[in-house]
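**Student:** Please find the sequence and the predicted model below.
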Amino acid sequence: MAHVAKEMVEKSGVNLKELVDLLVKNASAELTTFYYYTILRVNLIGLEGEGIKEIAETARIEDRNHFEALVPRIYELGGQLPGDMKAFHDVSACPPAGLPKDPHDVTALLKVLVDAERCAVRGYTHICNLTFGKDHRTYDLALAILNEEIEHESWFSEFLGEGPSGHFLRRGETSPFVGKFLR
């Protein structure tokens, strides 16, 4: 663990235990979302589903990247991931993004995807608010993830006809905001 980093976070007034708990719960949400998005993506078939598959795949890979970027910060702050995968799944900050009752209902699949992204946006906004001006590294990481989660939400909400977002699918690049934490 990074002793000075931990010390500085504590001195800034951030409740370290609460922050680490939030980071672990969000890391769980990212890894479980990666898993569930794999299942959702496989079920995006037919004329309607194929048009969404590439976007779901980008969000899926970026959620895995979010997990990978969160883990070092959790350990830097003296936290750790649960040793039991089932326990880790169950602490997720967001509910499982499981298949809807009718896996061929593309609109229902999109609602699962957009709801998962909205939960993530809320979670990272909370972490940003908690760490703003106090824990610069965690804030920067949470803000980078938040930017990508907002784009994911906008992609799926457009398919639901909720209006244009101005965001476009990335070509050849994933995690443009979080990438610096993966190097």
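**Tutor:** Here it is on my side, so go on.
**Student:** Please make it C-alpha for all contacts and neighbour counts, starting now.
**Tutor:** OK.
**Student:** Quick check: next helix or strand after whichever helix in the chain runs longest?
**Tutor:** Across the chain, the longest stretch assigned as helix under DSSP state H is helix 46-76. Heading C-terminal from helix 46-76, the first helix or strand you meet, by DSSP states H and E, is helix 85-90.
**Student:** tell me what that following helix is packed against?
**Tutor:** helix 16-42 (3 or more CA pairs under 8 Å, 6 or more residues apart in numbering; DSSP states H and E).
**Student:** Can you tell me which helices and strands the helix it packs on packs against?
**Tutor:** Short answer (3+ CA pairs under 8 Å, 6+ apart): helix 16-42 packs on helix 3-11, helix 46-76, helix 85-90, helix 106-131.
**Student:** Buried deepest among the ones you listed, which one?
**Tutor:** helix 106-131 (a mean of 20; mean count of other CA atoms under 10 Å).
**Student:** Centre of the chain to that helix, how far?
**Tutor:** 8 Å (CA atoms, centre = their mean, to the nearest Å).
**Student:** who are the neighbours in contact with the nearest residue to Ile39 once chain neighbours are set aside?
**Tutor:** Nearest residue to Ile39, sequence neighbours excluded (CA to CA, 6 or more residues apart in numbering): Leu99, at 7.4 Å. For Leu99, the contacting residues are Tyr36, Ile39, Leu40, Leu109, Val112, by CA atoms under 8 Å, 6 or more residues apart in numbering.
**Student:** I'd like the helices and strands packed on helix 16-42 written out as TSV, with mean pLDDT and distance to Ala29 added.
**Tutor:** Below are the helices and strands packed on helix 16-42 laid out as TSV (pLDDT from 0 to 100; distance: least, CA to CA, whole Å):
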stretch	mean pLDDT	distance to Ala29
helix 3-11	90	23
helix 46-76	94	8
helix 85-90	97	8
helix 106-131	97	8
